[in-house]
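In: got a predicted structure plus its sequence, pasted below:
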Amino acid sequence: MSSPASRPVPPAAANPISLRGAVDLSTLKRPAAPSGAQPGSGAGTPPAGQPGGEAGAPELKVNVTEANFQQLVELSAQVPVVFALWASYSPESARMLETLDRVVAGYGGRLVLGAADIEAFPQLTQAFQVQAVPTAVAVLKGQPVPLFQGSADEQQVRGLFEELLKVAAANGVTGSLNGAGQAAQEPAPLPPLHQAAFDAIEAGDYAAAAEAYRQALKEMPSDHDAKAGLAQVELMERLQPLSAQESEALRALAANEPDNLEAQLGVADLDIAGGHVEDALHRLVSFIGRNFGPERETARVRLLELFDVVGPGDERVAKARQALARVLF
C-alpha cells in the first residue's frame with residue numbers, strides 16, 4: 001500500500017485529462033545525440049529487464065536522455081508518449097516500470113514508453129512538477145498530462161491509457177509506430193552557435209548561452225530558434241539564484257504591492273517556469289494597463305520575451321497579445 005503522497009490515481013480520475021498542460025517543455029530542448037550514440041544509450045539505464053534495457057524493440061521503449069528528450073516530445077504529435085520517471089532509491093520504481101512496459105507493449109505501437117532516471121536527468125523533476133517518485137506523465141502534442149504517482153496495478157494503468165487514447169484521438173493524435181522505429185531517428189545537428197549555447201546550458205553557464213544566441217541573432221536576425229532560445233536562457237538565468245524561500249517572499253511582495261515592477265516581473269518569471277502561463281501573462285498585461293512611463297515599457301518588453309518563451313503559436317500567447325493591444329490602444 002503506497003503512502004498518501006504517492007497513492008496511484010484510479011481510472012475514474014482520468015476523466016479530466018485534457019491537453020491544457022501547464023509546463024513548457026521547450027526549455028528542455030536538446031540537440032542530436034553525438035555521432036554513433038543511440039537515443040536509448042548513456043545515463044539513465046533502468047533496472048535490468050526494464051524499458052530501454054532491451055535490444056529487441058527500442059522504438060517503443062526508450063531510455064530518456066537529454067539528447068533524445070525533445071525527439072520524444074515531438075513524437076507526441078504522432079502517438080502519446082508515456083514518461084516513467086523513476087529513481088534507483090525508490091523500490092516502487094521497478095514495479096511501475098514493469099507494469100508500464102507490459103501494458104504499453106500490448107498497444108501495438110499506439111503508445112511509446114520513455115523511462116527517465118531523474119537522478120541522471122534531474123531537470124525533468126521541475127519540468128514535470130514531480131511530487132513523488134515514481135511518477136508517470138504522458139505527453140500529447142507537446143503538452144504534459146499527469147497520470148499517476150507511486151505504484152499502480154495493470155487494470156488501473158489500462159484504464160488511464162484508454163482514457164488517454166480517447167483524448168489523443170479527440171486532438172488528432174491517432175498514429176501508430178508499428179515497429180517503424182521513428183523514436184530512434186536522430187535529428188539534424190545544431191548550428192555551431194546553437195550547439196555552443198546548448199553546451200553552455202549543460203555547464204550551467206546561462207550567460208554564455210545567452211551570448212551565443214545573441215551572436216546567432218546578429219548573424220541572422222530572422223533566426224526564430226535563437227530568439228526563443230535567448231528568451232529561455234535569460235529566464236533561466238534570472239531564476240537560477242532564487243531559493244524557494246526567496247520565491248515565496250517575492251510572491252508575497254507582489255501580492256502586497258501590485259505596482260511594484262520588479263516583484264511583478266519576478267513572479268511572472270516564476271509562473272512561467274512553474275507552468276502557470278496564463279497567470280504570468282495576465283499579470284504583466286494588467287500591470288501595463290495600470291502603469292505608464294518607463295515601467296510600463298519595461299514590463300511590455302519583458303512580456304514580449306515571455307511570448308517567445310511560451311511560443312508565438314500558443315493560443316495563450318495569442319489571447320495575451322489581444323489583451324495587450326487593448327490596454328495599449
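Out: The structure has been received and is ready for your questions.

In: output the lowest mean pLDDT helix or strand found in the chain.
Out: Least confident helix or strand of the chain, by mean pLDDT, DSSP states H and E, is helix 123-127 with a mean of 84.

In: next SSE after it?
Out: Next helix or strand after helix 123-127 toward the C-terminus (DSSP states H and E): strand 135-140.

In: let's test this: mean pLDDT of that following strand, rounded?
Out: Averaging pLDDT along strand 135-140 yields 92.

In: that strand packs against which elements?
Out: When contacts are defined as 3 or more Cβ pairs under 8 Å, 6 or more residues apart in numbering; DSSP states H and E, strand 135-140 sits against strand 81-86, strand 143-149, helix 154-170. For every residue, glycine as well, the C-beta is placed using N, CA and C.

In: any regions of the protein where pLDDT drops low?
Out: 1-59, 178-188 (pLDDT under 70).

In: now do 50
Out: Scanning the chain with the threshold set as pLDDT under 50 gives 1-24, 29-58, 179-186.

In: the domain parsing of it - what is it?
Out: Domain assignment for the chain by automatic domain parsing gives 4-184, 192-328.

In: do you know how far the residue located most distally from the centre of the chain is from A299?
Out: Farthest-out residue of the chain from its mean C-alpha position, per Cα atoms, centre = their mean: G293, at 35.7 Å. Distance of G293 to A299, given as Cβ to Cβ, to the nearest Å: 11 Å.

In: pull the number of nearby residues for K141.
Out: For K141, the count of nearby residues is 16 (other Cβ atoms under 10 Å).

In: so it sits right up against A170, yeah?
Out: No. Under the criterion of Cβ atoms under 8 Å, K141 is not in contact with A170, lying 11.1 Å apart.

In: element containing R300?
Out: Assigned by DSSP H and E, R300 belongs to helix 294-310.

In: okay, buried residues for that helix please.
Out: Residues of helix 294-310 classed as buried: 295-296, 298-300, 302-303, 305-310 (neighbour count, 16 or more other Cβ atoms under 10 Å).

In: save those residues as TSV, and put in distance to L75 too.
Out: Formatted as TSV, the buried residues of helix 294-310 follow (distance: Cβ to Cβ, whole Å):
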residue	distance to L75
E295	43
R296	42
T298	39
A299	37
R300	36
R302	33
L303	32
E305	29
L306	27
F307	26
D308	24
V309	22
V310	21
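
In: between the residues you listed, which is closest to A210?
Out: For those, the residue nearest A210 by Cβ to Cβ is E305; the value is 11.6 Å.

In: wait, what's in contact with that closest one?
Out: Applying Cβ atoms under 8 Å, 6 or more residues apart in numbering, we find E305 in contact with A231, E234, L235.

In: of these, which belong to helices?
Out: Using DSSP state H, the subset of the contacts of E305 located in helices is A231, E234, L235.

In: buried ones among those residues?
Out: A231, E234, L235.

In: and which of those is nearest Q78?
Out: Nearest to Q78, judged by Cβ to Cβ, of those is A231 at 27.5 Å.

In: in three-state terms, label L113 for me.
Out: strand (DSSP: H, G, I helix; E, B strand; the rest coil).

In: correct me, but it touches L100?
Out: Yes. Using Cβ under 8 Å, L113 is in contact with L100, at 5.6 Å.

In: between those two, who's got more neighbours?
Out: Remark: of L113 and L100, L100 carries more neighbours, 28 against 25, as counted by other Cβ under 10 Å.

In: which SSE is the more buried one in?
Out: In the assignment (DSSP H and E), L100 maps to helix 91-105.

In: can I get the CA coordinates of that helix in PDB?
Out: The C-alpha coordinates for helix 91-105 follow below in PDB (Å, rounded to 0.1, in the frame of the first residue of the first chain):
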ATOM      1  CA  PRO A  91      11.700   0.500  -4.600                       C
ATOM      2  CA  GLU A  92       8.400   1.100  -6.300                       C
ATOM      3  CA  SER A  93      10.200   2.300  -9.500                       C
ATOM      4  CA  ALA A  94      11.000  -1.200 -10.800                       C
ATOM      5  CA  ARG A  95       7.400  -2.300 -10.300                       C
ATOM      6  CA  MET A  96       6.000   0.700 -12.100                       C
ATOM      7  CA  LEU A  97       8.400   0.200 -15.000                       C
ATOM      8  CA  GLU A  98       7.400  -3.500 -15.200                       C
ATOM      9  CA  THR A  99       3.700  -2.700 -15.300                       C
ATOM     10  CA  LEU A 100       4.100   0.100 -17.900                       C
ATOM     11  CA  ASP A 101       6.400  -2.000 -20.100                       C
ATOM     12  CA  ARG A 102       3.900  -4.800 -20.200                       C
ATOM     13  CA  VAL A 103       0.900  -2.600 -20.800                       C
ATOM     14  CA  VAL A 104       2.500  -0.300 -23.500                       C
ATOM     15  CA  ALA A 105       3.700  -3.400 -25.300                       C
END
